[in-house]
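# Test case, fold it:
(one chain, ligands or ions: 1)
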Amino acid sequence: MKTPSTYPVALLSLAAIIAACSPKNEAILDAHVTTAEEQSKLTPDEVLQQFKEGNQRFHSGNVTRRNHNEQVRKSAPGQFPKAVVLSCLDSRVPVEDVFDQGIGDVFVGRVAGNFVNTDLLGSLEFACKVAGAKLVVVMAHQHCGAIKGAIDDVKLGNITAMLENIKPAVAMSQDFEGEKTSANTLFMKRVAENNVRNSLRIIREKSPILNEMEDKGEIKIVGIFYRLTDATLEFIE
Ligand SMILES: [Zn+2]
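Residues are numbered from 1 along each chain as shown. This next block holds a predicted model:
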């Protein structure tokens with residue numbers, strides 16, 4: 001049992017330890033936030049390369065250590081993201097982490113099954129035309145519950161109507177050779193990939209804004225399949 005007189009000494013020691021450690025730890029954390037000037041100079045290909053390299057860091061467990069407190073303060077006055085990612089709802093797909101990006105670096109639109117509708121098209125247009133993003137990524141993933149639901153023709157509440165957005169991808173996959181059920185992971189992957197292809201087609205057909213930006217080389221639009229098992233990416237043609 002300590003006597004009361006020893007508490008101040010203990011507190012002083014603790015304070016000394018915190019003082020010695022904190023500045024050093026803060027210094028090694030990345031507090032950079034993308035600026036307007038940096039965003040304007042980046043090309044779509046450069047952003048894509050950054051995202052590929054970021055994913056390699058995530059895959060290898062070598063992610064950037066960030067000072068989120070500092071990034072919050074620095075990014076508050078304005079945002080200049082490099083890209084917009086349309087992702088599934090899935091809890092195992094942490095979009096910023098998948099590409100090792102920080103606060104203010106990426107817009108993220110999420111809906112189960114990463115399909116496109118008017119609201120999401122408007123969001124993608126805002127990200128690129130208004131806010132300057134250079135890359136549009138539509139990202140599917142392995143073992144997707146929404147894809148499974150569409151294949152299994154699930155009927156439940158509002159999920160029924162939501163899955164109608166993914167059904168075209170199931171129809172597109174009927175030429176698959178093999179068992180066309182959700183138990184077949186290869187068929188699940190084929191449908192997920194076709195669902196991305198369908199989203200990319202809708203973006204180009206129904207958004208003259210994004211289509212023109214792509215034609216002019218102002219943005220790039222790409223499809224990705226994210227593998228949960230090893231955190232790697234496959235690009236979808
Ligand atoms: Zn999913």
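# Quick one: name the residues of this structure near the ion.
88, 90, 144, 146 (CB under 5 Å from the ion). Every C-beta, even on glycine, is put in place using the N, C-alpha and C of the backbone.
# So what's the residue count around the second one?
The one in question is residue 90. 20 (other CB atoms under 10 Å).
# Quick check: chain neighbours aside, which residue is closest to it?
residue 141 (5.9 Å; CB to CB, 6 or more residues apart in numbering).
# contacting residues for the one you found?
For residue 141, the contacting residues are 87-88, 90, 92-93, 192, 225-228, by CB atoms under 8 Å, 6 or more residues apart in numbering.
# Bridged to it, which residues?
Beta-bridge pairing for residue 141 (DSSP bridges): residue 226.
# Low-confidence ranges, this structure, go.
Along the chain, the parts satisfying pLDDT under 70 run over 1-27.
# Which residue lies nearest the spatial centre of it?
In the chain, the residue lying closest to the centroid (CA atoms, centre = their mean) is residue 95, at 2.8 Å.
# List the buried residues for stretch 208-224?
209-210, 213-214, 219-224 (16 or more other CB atoms under 10 Å).
# And for stretch 112-131?
Buried, per 16+ other CB under 10 Å, within stretch 112-131: 112-116, 120-121, 123-125, 127-129.
# List just the nearest of the contacts of residue 141 to the ion.
Of all the contacts of residue 141, the ion sits closest to residue 88, with 3.2 Å by CB to the ion.
# Quick check: the closest one touching residue 109?
No - using CB atoms under 8 Å, residue 88 makes no contact with residue 109, being 10.5 Å away.
# who has more neighbours, those two?
Neighbours were counted for residue 88 and for residue 109 using other CB under 10 Å; residue 88 has more, 24 against 21.
# How about the contacts made by residue 112?
88-90, 145-146, 162.
# ok so, going back, among the contacts of residue 141, name the buried ones.
87-88, 90, 93, 192, 225-226.
# Which members of those occur in helices, if any?
residue 192 (DSSP state H).
# Same list (the buried ones among the contacts of residue 141) but as TSV, adding distance to residue 71.
As requested, those are exported to TSV (distance: CB to CB, whole Å):
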residue	distance to residue 71
87	21
88	25
90	25
93	21
192	32
225	29
226	24
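# what's the neighbour count on residue 168?
By other CB under 10 Å, neighbour count at residue 168 equals 18.
# So what's the residue count around the spatially closest residue to it that is not a sequence neighbour?
Computed as CB to CB, 6+ apart, the closest residue to residue 168 that is not its neighbour in sequence is residue 198, at 5.4 Å. The number of residues packed near residue 198 is 21, by other CB under 10 Å.
# Quick check, residue 167 in contact with residue 152.
No - counting by CB under 8 Å, residue 167 does not reach residue 152; the two are 11.4 Å apart.
# Residue 84 should be in a strand, yeah?
Yes - remark: residue 84 belongs to a strand, assigned using DSSP: H, G, I helix; E, B strand; the rest coil.
# distance of it from residue 73?
24 Å (CB to CB, to the nearest Å).
# Give me the more crowded residue out of these two.
residue 84 (25 against 13).
# before we move on, the earlier item: of residue 167 and residue 152, who's got more company?
Between residue 167 and residue 152, residue 167 has the larger neighbour count (other CB under 10 Å), namely 16 against 13.
# list the contacts for the more buried one?
Residue 167 touches residue 150, counting by CB under 8 Å, 6+ apart.
# wait, isn't residue 160 in contact with residue 154?
Yes - the pair residue 160 / residue 154 is scored as a contact, 7.2 Å apart, by CB under 8 Å.
# ok, of the buried residues of stretch 208-224, which one's closest to residue 234?
residue 224 (7.0 Å; CB to CB).
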